[in-house]
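[1] Generate coordinates for the sequence data below:
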Amino acid sequence: MTLSPSPFLRQALLADAVTTAACGGLMLLAASPLSTLLGLPIPLLRTAGAVLLPFAALVAFLSLREHLPRAAVWAVVLVNGLWVADSILLLLSGWVSPTIAGTVFVLVQAAVVALYAQLQVMGLKRSRLVAV
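    Have a look, this model is predicted:
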């Protein structure tokens with residue numbers, strides 16, 4: 001199904017893309033100082049940053065389209081949900097030993113991603129289906 005995205009959905013997707021790109025770029029380019037501050041391994045930060053950048057580009061692309069597949073937006077919501085779950089799992093697993101700042105960083109970014117997912121669902125409800 002194709003939809004005409006509501007302005008609310010466009011804004012939620014674009015905000016997600018911008019903050020994801022900023023966070024991904026920061027983690028990729030400043031992994032070493034972040035590792036010291038957050039207590040998270042450099043390879044984890046670099047890999048997460050490298051994964052976030054193409055995702056941000058895709059979400060930005062979707063936010064700018066006149067029509068888009070409804071399934072594509074649901075895929076973004078699902079990936080955001082997986083990111084939140086993985087962030088919590090990371091902290092509970094014992095695989096890393098973050099500093100207090102690192103724990104706060106992981107929890108805050110997970111909360112922001114969860115908020116974007118919720119806003120995107122709200123935006124989907126405000127969008128209308130179209131025949132293309």
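
[2] How about the contacts made by residue 113?
    The contact partners of residue 113, by CB atoms under 8 Å, 6 or more residues apart in numbering, come to 16, 80, 83-84, 87. The way it works is simple: take the backbone N, C-alpha and C, and place the C-beta from them, glycine included.

[3] now those as JSON lines including secondary structure?
    Output for those, formatted as JSON lines (DSSP: H, G, I helix; E, B strand; the rest coil):
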{"residue": "16", "secondary structure": "helix"}
{"residue": "80", "secondary structure": "helix"}
{"residue": "83", "secondary structure": "helix"}
{"residue": "84", "secondary structure": "helix"}
{"residue": "87", "secondary structure": "helix"}
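
[4] Of those residues, just the buried ones, ChimeraX syntax please.
    Here is the ChimeraX command that selects the buried residues among the contacts of residue 113 (16 or more other CB atoms under 10 Å):
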select :16,80,83,84,87
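
[5] residue ranges for the strands of this protein, please.
    Counting by DSSP state E, one finds strands in the chain at the ranges 2-4, 68-69, 128-130.

[6] Comparing those strands, which yields the minimum mean pLDDT?
    Considering these one by one, the lowest average pLDDT is found for strand 128-130, at a mean of 90.

[7] end-to-end on stretch 89-99?
    Taking CA to CA, to the nearest Å, the first and last residues of stretch 89-99 lie 16 Å apart.

[8] roughly how far out does that stretch sit from the chain middle?
    The offset between the C-alpha centroid of stretch 89-99 and the centroid of the whole chain comes to 19 Å, using CA atoms, centre = their mean, to the nearest Å.

[9] That stretch - what's its average pLDDT?
    Mean pLDDT, stretch 89-99: 97.

[10] Which pLDDT value does the model give the residue nearest to residue 50 when sequence neighbours are not counted?
    Closest residue to residue 50 apart from its sequence neighbours, by CB to CB, 6 or more residues apart in numbering: residue 28 at 5.8 Å. Per-residue confidence (pLDDT) for residue 28: 97.

[11] May I have the residues that are in contact with residue 28?
    Under the criterion of CB under 8 Å, 6+ apart, the contact partners of residue 28 comprise 45-46, 49-50, 53.
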